[in-house]
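I would like to see how this sequence folds:
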Amino acid sequence: MKNRNIIKIASIYIGTVIGAGFASGQEIMEFFTKYGIWGFYGIGIASVLFGLIGSLILLKVHKLRLTSFEDLLQVTMGARLGKSIKSILFLLLLSGYCVMLAGSGALFQEQFELSKTLGIWSMTLVCFATFVFSISGLAFLNTMIVPLLLIGILAIGSIVTFQNDFTMSNQAGMIFSNMTGNWLTSSLLYVSYNSIGAIAVLSSLLPLIKNKRTAVGSGIIGGIGLGLLAGFLLLPTLIFYTDINGVEIPMMAIATRLGGNIKLGYGILLWLAMLTTAVSNGFVFIEGIKDKLGIGPIWTALLFCIAAIPLANFGFKSLVHTLYPLFGYIGIFIVLIMLFQSFVYRAE
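Numbers count the residues shown, from 1 in each chain. I've put the predicted structure just below:
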């Protein structure tokens, strides 16, 4: 049971982080690929930090018996600041959920040649079915999907690498001239940017954290899994950098080169990655408001799912360009405060 819980928590952790930006290859291109081979060092640092952050948060949840993100905010930031930041973060979670719905619509329309509305409603229905079973549904969905994502991304990364004899674009004459800053700074920003949603989810997993070993093991395995996924996305994006630089969905462009079936398969993987992030964000949001609404968890989930659909219709690009930069910097600020509190004010 303990080992199963480690896998469940690690899967939820990984599933929360690997949304549309990660699985599409766009985040990897932005934060790591443009630094060439140095991107591997950046991913190594990011993997260690993800493992450290996950372990610290899960240990704090276990020690203090925290049951929600609101509890974690009050412990780390105090009642007043915690309440103010909670409102901002819940808006972040709602926007993250809507971005994934919009991404599903865009994927159905552009890659599957189906209706955008069908894409939005398909994800909405799966999310609602998961929310009905609360934390059990969240754990089950991620435990099923995350291994598929690992297998699929590792397989495509390996195929591309071996087919091209490990020849990278920069070794073939490409100069990574658009480099700004350095790979270490980029790695730190990437972890901070992506940790806030994961922290919100991890702080709600007390029923699965049976002891300190479960907390630490889940964080470490989650960090290793994220590092592996990022590394096997970095390899193909380095190899085809000259051809995919500036493409909106780099990994889809690479999968297209490998044939129609692989393109379809990766499209499904990308949709599943969006789904795990949508479910995680929606789960925390619903857990935070269900008691205040007083209408029961299932009705709260239904209301949340229906209310989010009009927001998702604003479009994937519009939501990403408007909301992600703003909440990204807010997320960095909050993560830094939490880490500072974890080191300086240790729970007794």
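
show me what contacts Ser11?
By C-beta atoms under 8 Å, 6 or more residues apart in numbering, the contact list for Ser11 reads 139, 142-143, 145-147. To be clear about C-beta, it is placed using only N, CA and C from the backbone, and glycine gets the same treatment.

and if we set it to 10 Å?
By C-beta atoms under 10 Å, 6 or more residues apart in numbering, the contact set of Ser11 is 138-147, 149-150, 218, 221-222, 225, 276.

and stretch 333-348, average pLDDT?
Mean pLDDT, stretch 333-348: 62.

by mean pLDDT, flag the weakest helix or strand of the chain.
Ranking every helix and strand in the chain by mean pLDDT, DSSP states H and E puts helix 316-344 at the bottom, with a mean of 62.

contacts only, for Lys290.
131, 134, 296-301, 303-304.

where does this structure have low pLDDT?
For the chain, residues meeting the criterion pLDDT under 70 lie at 1-2, 166-181, 315-332, 334-335, 338-339, 341-348.

which parts of the longest helix seen in it are buried?
If you go by DSSP state H, the chain has its longest helix at helix 260-293. Buried positions in helix 260-293, judged by neighbour count with 16 or more other C-beta atoms under 10 Å: 262-263, 265-267, 269-288, 290.

got the buried residues for the helix or strand encompassing Leu91?
Leu91 is part of helix 79-110 when elements are defined by DSSP states H and E. The neighbour-count check on helix 79-110 (16+ other C-beta under 10 Å) flags 82, 85-86, 89-90, 92-110 as buried.

what angle do the longest helix of the chain and helix 79-110 make?
Angle of helix 260-293 versus helix 79-110, following axes from the mean of the first three to the mean of the last three C-alpha atoms, to 10 degrees, is 150 degrees.

other SSEs contacting the following helix or strand past helix 260-293?
Later in the chain than helix 260-293, the nearest helix or strand by DSSP H and E is helix 297-312. When contacts are defined as 3 or more C-beta pairs under 10 Å, 6 or more residues apart in numbering; DSSP states H and E, helix 297-312 sits against helix 79-110, helix 116-132, helix 134-163, helix 260-293.

got the angle between helix 297-312 and helix 260-293?
120 degrees.

how far does helix 297-312 sit from its chain's centre?
Mean-position distance between helix 297-312 and its chain equals 21 Å (C-alpha atoms, centre = their mean, to the nearest Å).

could you do stretch 89-101 as well?
Computed by C-alpha atoms, centre = their mean, the chain-centroid distance of stretch 89-101 equals 12 Å.

before we move on, what about stretch 126-139?
The chain centroid and the centroid of stretch 126-139 are separated by 17 Å under C-alpha atoms, centre = their mean.

list the buried residues in stretch 116-129.
When neighbours are counted by 16+ other C-beta under 10 Å, the buried residues of stretch 116-129 are found to be 116, 119-124, 126-128.

for these, which one is nearest Asn182?
For the buried residues of stretch 116-129, the residue nearest Asn182 by C-beta to C-beta is Met123; the value is 37.3 Å.
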